[in-house]
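A.B. asks: my questions are about this predicted structure, shown below with the sequence.
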There are 2 protein chains.
Amino acid sequence: MINIRDKTYILKFGNNLKRLRNLKDLSQEKLAYDADIPINQIGRIERGEINTTISTLNSIAKALKIHPKELLNF
Amino acid sequence: MINIRDKTYILKFGNNLKRLRNLKDLSQEKLAYDADIPINQIGRIERGEINTTISTLNSIAKALKIHPKELLNF
DNA sequence: ATCAAATAACACATATATGTGTTTATTTTT
DNA sequence: AAAAATAAACACATATATGTGTTATTTGAT
C-alpha cells in the first residue's frame, strides 16, 4: 500500500518529467510514441497517479534523449 | 510484457544496487530493515528478477544514504 | 466564439511488483 | 569441519502498473 511519502515522491517525479518533456518541446503523444508507451501512461505518470517502474523510466529517458538519472534529478 | 532490453536494464540496476550496498557494508537484511522493505524484495531486485518502482528505489536510496539517482548511475 | 490539438478522465483486462512466510543453499567465521 | 550468517529459492495472496479503448475537458490558435 502506497503511503504519503511515496505519493509525494511520485508526484515530484511526474512534475519533473513534465518539466523535461516541455523543455524538449514534446507532446505527450510524441513522447509516448517515441518511448513505445501508451499515451495514457505518460499522463498518469505526469499527474503522479502511478508509481512507475525503472524500465518505463528508462524508456522515457531514451525517448527524451537524456540519462535516466536526470528523471530523478529533483 | 517485459522485453529483453528491460531485462538487461533491471539486471544492471540490480548489480549496481548490490555494488552500492556492499560499498556501504550492509547486509540485505539490514538494508531491508532500514528501507522498510521485505528482505526477499531486496534479493529479487539485486538478482534482476523484478522491475522495481521509483518509490522502492527512493526508499532504498534513503536507507543507503545516497541520492536516488546514484542507483541509476551505471 | 469556434476549431483543433493536447491533455485528462473514465473503464476494464492482464501482467507483475509487493508483502509474507518457509525452506534450501551458499558464504563466512570460528 | 561445524556453526552461524547471509543470500537464494520456493509458494501464495493482494495491490497496482501496464496496455487498450473511449469520452470529456482544457488549452491555444485563428
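C.D. replies: Great, that's in hand. Numbering: from 1, shown residues only, chains lettered A, B, ... in the order given.

A.B. asks: wondering if the helix ranked longest in chain A reaches chain B at all.
C.D. replies: Ranked by residue count under DSSP state H, the longest helix found in chain A is helix A:4-23. Yes - legend: contact between helix A:4-23 and chain B by Cβ under 8 Å from any Cβ of the partner chain is shown at A:5-6, A:9-10, A:13. No exception for glycine: its C-beta is placed from N, CA and C like everyone else's.

A.B. asks: now A:Phe74, what's its secondary structure?
C.D. replies: State at A:Phe74, reduced to three classes by DSSP: H, G, I helix; E, B strand; the rest coil: coil.

A.B. asks: buried residues in stretch A:48-66?
C.D. replies: By neighbour count on 16 or more other Cβ atoms under 10 Å in any protein chain shown, the buried set for stretch A:48-66 is A:48, A:50-61, A:63-64.

A.B. asks: same check, this time on stretch A:14-23
C.D. replies: Result for stretch A:14-23 [16+ other Cβ under 10 Å]: buried residues A:14, A:16-18, A:20-21.

A.B. asks: can I get these in JSON lines including pLDDT and distance to DNA strand C?
C.D. replies: Formatted as JSON lines, the buried residues of stretch A:14-23 follow (pLDDT from 0 to 100; distance: Cβ to the nearest atom of the strand, whole Å):
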{"residue": "A:Gly14", "pLDDT": "98", "distance to DNA strand C": "9"}
{"residue": "A:Asn16", "pLDDT": "98", "distance to DNA strand C": "14"}
{"residue": "A:Leu17", "pLDDT": "98", "distance to DNA strand C": "10"}
{"residue": "A:Lys18", "pLDDT": "98", "distance to DNA strand C": "7"}
{"residue": "A:Leu20", "pLDDT": "98", "distance to DNA strand C": "12"}
{"residue": "A:Arg21", "pLDDT": "98", "distance to DNA strand C": "7"}
